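>>> Structure, please.
(one chain, ligands or ions: 1)
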Amino acid sequence: MISKFTLLYAGSGQQATKCVMDQLLVRQLSNSSPRAQHVILEHFETKEEAREDPEWVNAKDYEQIPGPSSYRMLRDQLPGGRLYKTNMHVLERHYRERYGDIFRISGILGKPDTVFTFNPADFETVYRNETIWPVRVGLESLGHYRLKKRPDVFQGVAGLVTSQGRAWGDIRNKVNPVMMKVQNIRQNLPEVDNIAQDFLDRLDSKLDHNTGKLTTDLTEEIKMWAFESVAVVALNTRLGLLARDKPDPNVLKIVDGMNAFFEKAYTYDVTPSFWKYIETPGFKELMKAYEDVTDATTFYIEKAMEKFENEQNDEARSVLEKLYRINKNVAVVMAIDMLMAGLDTTSATVISVLHFLGQNPEKQEELRKELFKLLPDPKMPLTEENTKNMPYLRACIKESLRLKPIANGNFRLSGRDIVLSGYKVPKGVGVYMATMSLSNSDEYFERSAEFLPERWIKAAKATCPVSQKHNPFVYLPFGFGPRTCIGKRLAELEMETLLVRLIRNYRVTWVGEKPLEYINDLILRPTGEMKFKFEKL
Ligand code: HEM
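Next up is the predicted model:
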């Protein structure tokens, strides 16, 4: 076993590291009786009685769930293996073809066993059995950075994404009333709309009007829009990024840091890794990416705090200000998380929607009809009233998130002993619910490869070419339950506003011979050349 593993690292030039890794691996594998290794119970405070009901008693044993051995999995995923540096979607597909719709990957190197399921009935079982503090293990490297490397900044608060158990519940309880209340978020519509209009002015100035092609990089431009928009809500500050000729160096630092983070965090938080035992150069680069993002975001946060401390408003306006009055440490970490989470998620989705509309001109015309009714004069402001009724726009965003969600699936530790696809799955085992494979399958969505926004519109029943019924657990782009995306309302507000302005004012065409390419690491996001043509109406 040692020699085979050693072979995987041959030529890596990291002999000392390799020996330590070999020893660790051997220790892990020789210790790995499934019962001893597979669960993580430290995040759960409650203990349930052992189940003795017929469903549990008659279920097949956990150990009977098929799947690769720890050794095979490592051999597949470490350098030289067939799944080395692939993404989660390829990995899922590979093992699904080999083992079927439920399989188990053994937990090693401090990770829990993970049961992969492609059965929506299982998704429902997992979510319905969450405790009040659902556990989505992930981004442990971020928690490590915040708690171990920078306690001076984070003061023991690791943030929503990476905290678990009571610590997560404490933050979420403080943040929910601020972020999940529709009114709190929608009150930002006038500013978010101003930003969308500024984006359009900028687009206009960067377009070659003869060819309709943008003279700058659309991805970068959209990221500036996303950052400006999220900052106005998170910090109540206009950063002026869209008025600059050259991007703000701090934002570039965040964008670069986020790119490095997506790439490296996939390696260190998703695939098997030794970082808990030894910090490799790659892991140090990940820590550096966190450091850059933290430095650059705290620069804005400190400025914003200074401003509202000087202004002493009677009523707190921004999310940061509202949270600051509740708890300063939570405010800081949440503002950083919003700036981090609000950049690539919304920009990836907006580009995907534009791509689908650019490939489907008749759908774009249908949307434009709706937008002309809403804004007969393109200069009219967007208001609470005129944005209430935009079913086709909302359906376009939903359909795009069905085809290209930002996450391949969702993850939980099972909150109780549960039965999945006929197998016992003990409390504390990781469960990965592979939603994207299902939302892109004809089994769950008729004509699944087509962009058909009508499938989401009740009123289109008579004319809709496909059934509008679907299993709600197959399509969950923002997750589910108490741990659902906290930025959903903000993301929707931003994306809808920009798309109203863009499609009301421009005809967008995808002129690439091939469809848009995607990179799939920690999230799924567009990459490569943005071959759009924008014609002003
Ligand atoms: C198109 C845009 C977005 C999509 C599709 C999306 C999707 C998701 C998903 C799938 C989750 C996991 C939910 C679960 O486990 O049930 C999540 C969590 C999260 N999202 Fe988003 N997101 C988006 C935008 C945003 C934005 C703009 C923000 C920040 C303002 C944000 C902040 C977060 C945070 C902090 C979490 C962790 C919540 C927790 O663990 O309590 N997201 N998001």
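>>> Asn360: neighbour count?
When neighbours are defined as other Cβ atoms under 10 Å, Asn360 has 19 of them. In this view, the C-beta of every residue, glycine as well, is placed from N, C-alpha and C.
>>> residues touching the nearest residue to it once chain neighbours are set aside, list them.
Nearest residue to Asn360, sequence neighbours excluded (Cβ to Cβ, 6 or more residues apart in numbering): Phe451, at 5.1 Å. If a contact means Cβ atoms under 8 Å, 6 or more residues apart in numbering, then Phe451 has 356, 359-360, 363, 399-400, 403 as its contacts.
>>> Which ones among those residues map onto strands?
Counting by DSSP state E, the contacts of Phe451 place none of their members in strands.
>>> quick check, nearest of those residues to the ligand?
Checking those against the ligand with Cβ to the nearest ligand atom, the nearest one is Ser400 at 9.5 Å.
>>> Settle this for me: that closest one is touching Val353, isn't it.
Yes. Ser400 lies in contact with Val353 (Cβ atoms under 8 Å); the separation is 4.4 Å.
>>> So these two - more neighbours on which side?
Ranked by neighbour count (other Cβ under 10 Å), Ser400 and Val353 place Val353 first, with 27 against 24.
>>> For the more buried one, which residues are in contact?
If you count contacts by Cβ under 8 Å, 6+ apart, then Val353 has 396-397, 400, 495, 499 around it.
>>> Around the ligand, pick out the residues from the stretch 301-450 of the chain.
Selection of the stretch 301-450 of the chain residues close to the ligand by Cβ under 6 Å from any ligand atom yields 337-338, 341-342, 345-346, 349, 406-407, 410.
>>> State the pair within those that is farthest apart.
Pairwise distances across these (Cβ to Cβ) peak at 20.3 Å, for the pair Met338 and Asn410.
>>> In terms of pLDDT, where does the closest residue to the ligand within the stretch 51-200 of the chain sit?
Nearest residue of the stretch 51-200 of the chain to the ligand (Cβ to the nearest ligand atom) works out as Leu160 at 3.9 Å. Model confidence at Leu160, given as pLDDT, is 93.
>>> And for the one 5 residues further on?
Confidence at Gly165, expressed as pLDDT, is 93.
>>> So it sits against Glu45, correct?
Yes. With contact defined as Cβ under 8 Å, Gly165 and Glu45 form a contacting pair (6.8 Å).
>>> between these two, who's got more neighbours?
Gly165 (16 against 11).
>>> tell me which helix or strand of this protein sits lowest on mean pLDDT?
One helix or strand of the chain scores below all others by mean pLDDT, DSSP states H and E: helix 2-9, with a mean of 27.
>>> Skipping its backbone neighbours, what lies nearest the residue of the stretch 51-200 of the chain closest to the ligand in space?
Spatial nearest neighbour of Leu160, excluding adjacent residues (Cβ to Cβ, 6+ apart): Ile171 at 5.5 Å.
>>> Pull the number of nearby residues for that neighbour.
22.
>>> Same question for Thr346.
26.
>>> now do Leu78
Number of residues near Leu78 (other Cβ under 10 Å) recorded here: 18.
>>> pLDDT wise, what is it at?
pLDDT, read off for Leu78, is 77.
>>> Is any residue of stretch 492-511 near the ligand?
No. Stretch 492-511 lies out of reach of the ligand by Cβ under 6 Å from any ligand atom, never closer than 6.5 Å.
>>> Tell me where the protein has strands.
Secondary structure of the chain (DSSP E): strands at 102-105, 114-117, 207-208, 213-214, 410-413, 418-420, 423-425, 430-433, 506-510, 517-520, 524-527, 532-536.
>>> Who's the closest spatial neighbour of Gly159, skipping the chain neighbours?
Val333 is the one closest to Gly159 (Cβ to Cβ, 6+ apart), at 4.4 Å.
>>> mind checking how far stretch 143-150 is from the chain centre?
In terms of Cα atoms, centre = their mean, to the nearest Å, the centre of stretch 143-150 is found 21 Å from the chain centre.
>>> May I see the buried residues of it?
143-147 (16 or more other Cβ atoms under 10 Å).
>>> out of those residues, which are inside helices?
Applying DSSP state H to the buried residues of stretch 143-150, the entries found in helices are 143-144.
>>> Redo the buried residues of stretch 143-150 as JSON lines? Include pLDDT and distance to Lys536.
What follows is the buried residues of stretch 143-150, written out as JSON lines (pLDDT from 0 to 100; distance: Cβ to Cβ, whole Å):
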{"residue": "Gly143", "pLDDT": "92", "distance to Lys536": "47"}
{"residue": "His144", "pLDDT": "93", "distance to Lys536": "49"}
{"residue": "Tyr145", "pLDDT": "94", "distance to Lys536": "45"}
{"residue": "Arg146", "pLDDT": "93", "distance to Lys536": "46"}
{"residue": "Leu147", "pLDDT": "93", "distance to Lys536": "51"}
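>>> Tell me which stretches of the stretch 51-200 of the chain form helices.
Under the criterion DSSP state H, counting those that start in this stretch, the stretch 51-200 of the chain carries helices at the ranges 54-58, 70-77, 88-99, 120-128, 140-144, 151-154, 165-179, 182-186, 189-206.
>>> so what secondary structure elements neighbour the third one?
This points to helix 88-99. strand 102-105, strand 114-117, helix 435-439 (3 or more Cβ pairs under 8 Å, 6 or more residues apart in numbering; DSSP states H and E).
>>> Wait, Asn329 touches Gly159, no?
No. Asn329 lies out of contact with Gly159 (Cβ under 8 Å); the separation is 10.1 Å.
>>> Looking at those two, which one has more neighbours?
Remark: of Asn329 and Gly159, Gly159 carries more neighbours, 24 against 15, as counted by other Cβ under 10 Å.
>>> Now do the contacts for the more buried one.
Shown in contact with Gly159 (Cβ under 8 Å, 6+ apart): 142-143, 146, 171, 333-334, 336-337.
>>> Of the helices of the stretch 51-200 of the chain, which shows the lowest average pLDDT?
helix 70-77 (a mean of 79).
>>> Between helix 88-99 and that one, find me the angle.
130 degrees (axes from the mean of the first three to the mean of the last three Cα atoms, to 10 degrees).
>>> Mind listing what's buried along helix 70-77?
Residues of helix 70-77 classed as buried: 70-71, 73-77 (neighbour count, 16+ other Cβ under 10 Å).
>>> picking up where we left off before, most tightly surrounded among the helices and strands packed on helix 88-99?
Among the helices and strands packed on helix 88-99, ranked by average contacts under mean count of other Cβ atoms under 10 Å, first place goes to strand 114-117 (a mean of 24).
>>> Alpha carbons only: can I get that strand in CSV?
Output of strand 114-117 as CSV, limited to C-alpha atoms (Å, rounded to 0.1, in the frame of the first residue of the first chain):
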residue,chain,number,x,y,z
THR,A,114,-20.4,10.8,2.4
VAL,A,115,-23.4,9.1,0.9
PHE,A,116,-24.2,10.5,-2.5
THR,A,117,-27.8,10.2,-3.5
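>>> Could you please name the strands that strand pairs with and the direction of each pair?
Applying DSSP bridges, strand 114-117 is found paired with strand 102-105 (antiparallel), strand 430-433 (parallel).
>>> Just the mean pLDDT for it, thanks.
For strand 114-117, mean pLDDT rounds to 95.
>>> quick one: which of the contacts of Val353 is nearest Gly81?
Of these, the one sitting nearest to Gly81 (Cβ to Cβ) turns out to be Ser400, at 33.5 Å.
>>> Find me the pLDDT at that closest one, would you?
We note a pLDDT of 98 for Ser400 in this prediction.
>>> So which residues of the stretch 251-400 of the chain form helices?
Secondary structure of the stretch 251-400 of the chain by DSSP H, counting those that start in this stretch: the helices cover 281-311, 319-326, 328-359, 361-374, 391-403.
>>> so which of these comes closest to Arg483?
helix 328-359 (13.7 Å).
>>> Show me which residues of that closest one are buried.
Within helix 328-359, the residues scored as buried using 16+ other Cβ under 10 Å are 330-359.
>>> where does the chain have low pLDDT?
Low-confidence regions of the chain, defined by pLDDT under 70, span residues 1-37, 108-110, 272, 461-462.
>>> Chain neighbours aside, what residue packs nearest to His167?
One correction, residue 167 is Ala, not His. Leaving aside its chain neighbours, Ala167 sits nearest to Ala158 (7.1 Å; criterion: Cβ to Cβ, 6+ apart).
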